[in-house]
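K.L.:
This is a predicted model, with the sequence first.
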Amino acid sequence: MLSIKDLYAGIDGKTILQGLNLEVAPGEVHAIMGPNGSGKSTLSHVLAGRDGYEVTGGQVRFDGEDLLALATEERAHRGIFLGMQYPVELPGVNNMTFMREAMNANRRARGEPELDAVAFMKRVKEEARHLKLDEQLLKRNVNSGFSGGEKKRNEILQMAMLEPRLAILDETDSGLDIDALRVISDGVNALRTPDRSIILITHYQRLLEYIQPDHVHVLVGGRILRSGDKDLALELEEKGYGWIEEEAAA
Amino acid sequence: MNSQQQTMDDLIRTGYQHGFVTDIEADTAPPGLSEAVIRMISAKKGEPEWLLEWRLAAYAHWLTLEEPDWAQVRHPPIDFQSISYYSAPKKKGDGPKSLDEVDPQLLDAYNKLGIPLEEQKALAGVAVDAVFDSVSVATTFRKNLADAGVLFCSMSEAVREYPELVRQHLGSVVPYKDNYFACLNAAVFTDGTFVYIPKGVRCPMELSTYFRINEANTGQFERTLIVAEAGSHVSYLEGCTAPMRDENQLHAAVVELIAMEDARIKYSTVQNWYPGDEQGKGGIYNFVTKRGDCRGDRSHISWTQVETGSAITWKYPSCILRGDDSVGEFYSVAVTRGMQQADTGTKMIHLGRNTRSTIVSKGISAGQGQNSYRGLVRMAQRAENARNHTQCDSLLIGDRCGAHTFPYIEVRNPTAKVEHEATTSKISEDQLFYCRQRGLSEENAVSMIVNGFCKEVFKELPMEFAVEAQKLLNLTLEGAVG
C-alpha cells in the first residue's frame, strides 16, 4: 500500500531523512521508534505533505500513485490521516462542524454522497462514547481549552470518523497518563481492519504493550537501521538506542 | 451547513459579482457643485423653502471647511467639481404609482442583485426601499406597514407627505455643521429612506433599503432618518453595491436614528460597494456619518455592520446615550483585502445614568489591506454607574496587510466602568496544515476560521442576512492566502 524508497528530505536546507526505505502492506501496524532528532516527525510531515518540507531524493508511492505529487488535502482524500503530536486549536470553529466539514470534503472528493446531519450526529456521539470523550467537547471549538489527553482523544475521534486507509499517529502516547493511554489504545485497536494500515511513531515501548505492532523499525539519523517484530521494542526499552548506532557504525 | 458550504465553494471561485451596469436612460446633472446645483436638486424634488434654506446654509458652511486628514487612510484629493450630484433613471410621465409601473429594466437590475421588488417574490417579512443612484425607485409592502401605522418611504416622499415630522427631526442628530462630509451631504442629499414607528408599535417586518450606484461619475448622497417613538421596536437593514468602474466614486451618506423612551432600533448594514481592483484602481469612497440618539430613558440602539466592500471605508456608527438606563451596541466586521483601506469604529457617548454600551469589533486584513479600529468611549460627568465593554480583535491573513487600533477613552465620572480588550492574531501555518490534513481546501479552512472569528457579530444580524453576510465574506477573501 505504502512504499517509500530511498527517501531524502528535510527542512530549512537541512537534510534529515537520509535514504529511508519502508514498505507497509494493507492491515499492517508498523511502529517507528527512535531517539529525538532522528527524523520521526519529519517522516510524518513529509508523508502528510506539510509545506516547508523539501524532498530531495527518492520516491513515495501510495497504492501505486506518486504521493509526493499530491497536495496535502488530496493526500487526505486518498485516505492518509496524520494524528498530530501537537493538535492546534481553532478558535471559533465548532468541533462538530469541523469534523463534518472535513468528512464531507473527503466524501465529495471521492464522489461519495455527503453524510446527512442526523446520521453524522449519531455516529460522532457513538464514537465519542467509545473514546470516553465528554460530549460537551464536541460542542466546543476545535481543541480550544482541551487538556493534553482530550486533544489526543479528539485526534483518534477524527480518525474514527474519517476512516483513513493509512493512519500515521505521531507520538499519540506522549503526555498521556496510563488510563488515557489505555482508552486511546483501545480506540486505535478498534479501528484495526484488514485493509487499514497504521504507522505508530513513538519514543516508548509502553504504547506497544497496548497496540501490538506487526513490525518495529528503529529510525536513527534519518535511516531505518534495524527492523524486527515487537521483541525489538522490548530490547530497545532495555538497552536504549546506542547499541544500534554502534552496530551500524561498525 | 452543507449546502451553505457548497454555495461558499461556488462563490469562492467568482470575483465581485455586482459589477454590472444597467443601461437605463438617466437624467443626470452635469458635474460640478454650486448654489445653482443645489437649487436645481431642491427644485427637482419640489422641496419646501425651509429645506432649500437648510441646504444652502450647509453649503455655505461647507465652503469654509477643509477636508479632514486624520483618518488612517490615503487617497488623492477629491475633486468635488468633477462629481455629478444628481442622477435619476428617466421616468415616463409622473413616475410609478405602484410597482407595476416601475421600469422593468430597474426591476431586472434588482432581480440580478437578488432583491426582487415584486412583493410576491420578495423575501417574506422584509420590506425594501430601493434607491438607484439619487432616487428611490420602489418601496415594497407599504400597505402592510401602513396598516400597522409604520411610515416607510423615500426621503423625498417624506418631505412632501410628512413635512412636519421631517422638519422636526432632520439634522437633529447629525447637524450640518457636524463634519465635512455630513455637511456636504446636507447640502446635496438626493434621497434616502424615512422610517417612522409610532408609539408602542412593533414594526411587523424587517425594513431594508438597498442602495445601488449605477451612473458613472456620480456621487451618492443619501440620508436616512429613523424615528422610533416611545415603546416602539424596529429592525432595519441596508445593503449596497455598485458597478465596477475605474474611477473612484464618492458615497457620503448620513444616517440619523432617534429612539424615544423604551424604544429599540436595530440597524444592520451589509456593505459591499465595489472595492476597486487588485491594484487599487477604482472603487467607492464610503465616507459615512451614522449616529443614533438614545433620547428617551431605557431606549436601545444597536448597530451591526459587515463591511466588505469600498476602496476606502471611513465611518463610525455612534450612540449618544442621553436617556437614563439607555443601551448602545456596536458589532462590526470589517474586511480589507487587495488595496482596500478601512478606518472604522464607533463612538459611545454616555450622558445618562446607568447607561451601558457594548462594542465588538472584528477586523480582518488580507492582501495589502489596511484595517483600523477607531473608537471613542466618553463617560460624561452625570453618567453615574455607566458601563462600557469593548472587545476589539484583529485577524491578519498573510504578511503584507496591517491592523491598527486607536481607542480613545474619556471618563469624567468616578463611578463609571470602562473595559477594553484587544487581540491580534494571524491565521497560522499550523492551523492551515491541520485543516488541510483533514481534507479541507485552504480556502475552506480560511473561511471556516474567519467565520469562527466573526461569529459573535454575525449572530447579531437578522437571520436572512447572516447567511448573506457569510457568503460575502467568503467571496471577499477568495484567494486571500498564498
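P.N.:
Yes, it's here.

K.L.:
where does the chain have low pLDDT?
P.N.:
Defaulting to chain A. Residue ranges of chain A with pLDDT under 70: A:250.

K.L.:
you looked at the wrong chain, it should be chain B
P.N.:
Residues of chain B that meet the cut-off, pLDDT under 70, sit at B:1-26, B:89-103, B:105-107, B:109-127, B:132-138, B:213-218, B:240-246, B:464, B:478-482.

K.L.:
and the strand ranked longest in chain B, which residues are buried?
P.N.:
What stands out as the longest strand in chain B, according to DSSP state E, is strand B:283-294. For strand B:283-294, a neighbour-count test (16 or more other CB atoms under 10 Å in any protein chain shown) marks B:283-294 as buried. Heads up, the C-betas are built off the backbone N, CA and C, glycines and all.

K.L.:
helix or strand for whichever residue of chain B sits closest to chain A, which one?
P.N.:
Going by CB to the nearest CB, chain A is nearest to residue B:452 of chain B, at 2.4 Å. Residue B:452 is part of helix B:442-458, with elements assigned from DSSP states H and E.

K.L.:
chain center to that helix, what's the gap?
P.N.:
Between the centre of helix B:442-458 and the centre of its chain there are 22 Å (CA atoms, centre = their mean, to the nearest Å).

K.L.:
Does the helix or strand following it reach chain A?
P.N.:
Once the chain leaves helix B:442-458, the next helix or strand it forms, by DSSP H and E, is helix B:463-476. No - in terms of CB under 8 Å from any CB of the partner chain, no part of helix B:463-476 sits within range of chain A; the closest distance is 12.8 Å.

K.L.:
what sits against residue A:17?
P.N.:
By CB atoms under 8 Å, 6 or more residues apart in numbering or on different chains, the contact set of residue A:17 is A:7-10, A:39, A:42-43, A:46, A:222-223.

K.L.:
Check the secondary structure at it for me.
P.N.:
Secondary structure for residue A:17, judged by DSSP: H, G, I helix; E, B strand; the rest coil, is strand.

K.L.:
now swap in residue B:332 and tell me
P.N.:
strand.

K.L.:
what residues are up against it?
P.N.:
Residue B:332 makes contact with B:303-307, B:344-346, B:360-362, B:457, according to CB under 8 Å, 6+ apart.

K.L.:
May I have the beta-bridge partners of it?
P.N.:
As for beta bridges, residue B:332 partners with residue B:305, residue B:361 under DSSP bridges.

K.L.:
nearest spatial neighbour of residue A:57, skipping sequence neighbours?
P.N.:
residue A:8 (3.6 Å; CB to CB, 6 or more residues apart in numbering or on different chains).

K.L.:
er, residue B:80 actually
P.N.:
Closest residue to residue B:80 apart from its sequence neighbours, by CB to CB, 6+ apart: residue B:33 at 5.3 Å.

K.L.:
State the helix or strand in which that neighbour lies.
P.N.:
Using DSSP H and E, residue B:33 falls outside every helix and strand.

K.L.:
correct me, but it touches residue B:81?
P.N.:
Yes - Residue B:33 is within contact range of residue B:81, at 6.2 Å (criterion: CB atoms under 8 Å).

K.L.:
Show me which of those two is the more surrounded one.
P.N.:
It is residue B:33, of residue B:33 and residue B:81, that has more neighbours when counted by other CB atoms under 10 Å in any protein chain shown, with 21 against 9.

K.L.:
show me what contacts that one?
P.N.:
Counting by CB under 8 Å, 6+ apart, residue B:33 makes contact with B:80-81, B:83, B:85, B:187-188.

K.L.:
So which bits of chain B are right by chain A?
P.N.:
Counting by CB under 8 Å from any CB, chain B sits next to chain A at B:1-2, B:5, B:425, B:428-431, B:433-442, B:444, B:448-449, B:451-455.

K.L.:
check contacts around the residue in chain A that chain B sits nearest to.
P.N.:
As assessed by CB to the nearest CB, chain B sits closest to residue A:92 within chain A, at 2.4 Å. By CB under 8 Å, 6+ apart, the contact set of residue A:92 is A:141, B:449, B:451-455.

K.L.:
Next: residue A:102.
P.N.:
Counted by CB under 8 Å, 6+ apart, residue A:102 has contacts A:158, A:161-162, B:435, B:438-440.

K.L.:
Angles on the backbone of it, please.
P.N.:
Dihedral angles of residue A:102 (phi, psi; degrees, to the nearest 10) stand at phi -60, psi -50.

K.L.:
how far away is it from residue A:85?
P.N.:
Distance of residue A:102 to residue A:85, given as CB to CB, to the nearest Å: 19 Å.

K.L.:
got it, and residue A:213?
P.N.:
In this view, residue A:213 and residue A:85 are 18 Å apart by CB to CB.

K.L.:
swap in residue B:104?
P.N.:
In terms of CB to CB, residue B:104 sits 63 Å off from residue A:85.

K.L.:
Please identify which of the two sits among more neighbours.
P.N.:
residue A:85 (17 against 8).
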